[in-house]
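S.K.: requesting a structural model of the entry that follows:
(one chain, ligands or ions: 1)
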Amino acid sequence: MKKKLLIIIAVAMIITCTVVAFAACGGNASIEAIQEKGVLNIATSANFPPFENTDESGAIIGWDIDIAHKLAEYMGVKLNILNMDFDSVLAAVSSGRADIGMAGISNNASRDEVVDFSDNVFDSTQVIIVRNSDTSINGPMDLAGKTIGSQRGTVGQLLAQMSEDWAYDFLENGDPDLNSPILGEPKNEIGYDTGALAVQALVDGKVDAVILDRFPAEAITANYDGQVKILETPVFEDAYAFAVAEGNTGLAEWINEAIAKMKEDGFWDSNMEKWFGSAEV
Ligand code: ARG
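M.R.: Just a heads-up that it's a prediction; the model follows:
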C-alpha cells in the first residue's frame, strides 16, 4: 500500500516538473528570465520594408528592428534577431523560440487565440496592386474571378482565401465604406515567400492582382517604375501589434510601458521620421 502511494507521488512529481519545465522554456519567459539570459530573441521576417528588410550588407534593418533594439536597451540585454518566413513567426513566439514577434503582424481575434498582443502600434491597410496596363481591375469588387497573389500566411492571403476569421469577420464588422471584400466570389490565389515575389509574379503575368500591406506595397512597387500601380481603394483596414506567447501578460504589459516611454522620450517620433519621413502617416 505504502509502496503504491510512493509510486503515485513520484509520478505526480515527474508530471509537475515536466509541466513546470515546459512553462519555463515554453513561450512564457518573464522580463526577469530574459534579463537573466542576457538576450532578447525576436522573430521577424525581413522582407517587409520599411518595417523589416535587409540592407546591402545583409544586416536586418527597419522600423520594427529599431524598436527591438530599443526594447533590448531598456532591458539591458543583447538583441538576437531570428529571421524566418512570415508564416513561422507566430509559432516561433508561441513555442518560446522567440520572446517577441515583431514583423508588421496584424492583430485580430483569431491570432489572439494563438499569441498575446501588445497595444496596437501601427495602423495599416491592405491594398491592391495591378499591372499598369490593366483597366479591368479598378477596385476590390473587380477581383471576382481573378487570380490573386500574396505573401504566404499574411492577411493578404487570408483575404484572398475568404478566410472566415478575416474576410467574413470584416464583412460583418468592417468599415462599410471599404465595401471590400472583393470577396464572396470565387477566385484563385497563389501564396509566395515574400510580397516582392508576389509583385514579380504580377509583372510576369502569373497573377492578376496582389494584396499587400500599404507601406511595403509602396516600397516594393517603387522598384517597378511604372509597370504596376496601387489602387486607391484598399481592401481592408488593420493594425499591427507585437506578439508574445499566449498568457505572457507580464511581458505584454512591459512592452506597453516601454512603448509609452519611447513616446515620451521622443524616440517613437524620430523612428517614424527615420522610416516614414514623418511622425504621422
Ligand atoms: N500585416 C500582414 C499580416 O500580419 C503581413 C505581415 C508580413 N510581415 C512580414 N514581416 N513579412 O499578415
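S.K.: low-scoring stretches of the stretch 1-150 of the chain, by residue?
M.R.: Residue ranges of the stretch 1-150 of the chain with pLDDT under 70: 1-27.
S.K.: strands of that one, residue ranges please.
M.R.: 39-44, 53-54, 60-61, 78-83, 100-101, 115-131, 147-151 (DSSP state E, counting those that start in this stretch).
S.K.: just say which of those strands is most tucked in.
M.R.: For those, the largest average neighbour count (mean count of other CB atoms under 10 Å) is found in strand 100-101, namely a mean of 29. (Glycine included, C-beta is placed from N, CA and C.)
S.K.: what's next to it, contact-wise?
M.R.: For strand 100-101, contacts defined as CB atoms under 8 Å, 6 or more residues apart in numbering pick out 40-44, 68, 71, 89-90, 92-93, 115, 242-244, 251, 255.
S.K.: try stretch 192-202
M.R.: Contacts of stretch 192-202 (CB under 8 Å, 6+ apart): 47-48, 85, 129-131, 149-152, 154, 156, 190, 207-210, 212-213, 216-217, 220-221, 223-224, 228.
S.K.: for Ala103, give me its contacts.
M.R.: Residues near Ala103 by CB under 8 Å, 6+ apart: 43-45, 48, 51-52, 64, 86, 89.
S.K.: look up the closest residue to the residue nearest the centre of the chain, ignoring the ones flanking it.
M.R.: Nearest to the geometric centre of the chain sits Ile105, at 1.9 Å (CA atoms, centre = their mean). Closest residue in space to Ile105, ignoring its immediate chain neighbours: Ala243 at 5.5 Å, by CB to CB, 6 or more residues apart in numbering.
S.K.: ok, now how distant is the residue nearest to the centre of the chain from Arg214?
M.R.: In this structure, Ile105 and Arg214 are 15 Å apart, going by CB to CB, to the nearest Å.
S.K.: over to Leu197?
M.R.: 18 Å.
S.K.: cool, and Ser150?
M.R.: Counting by CB to CB, the gap from Ser150 to Arg214 is 14 Å.
S.K.: likewise for Tyr192?
M.R.: Taken as CB to CB, the span from Tyr192 to Arg214 is 18 Å.
S.K.: picking that back up, my read: the residue nearest to Ile105 touches Asp116, true?
M.R.: Yes. Between Ala243 and Asp116 a contact is recorded at 7.1 Å, counting by CB atoms under 8 Å.
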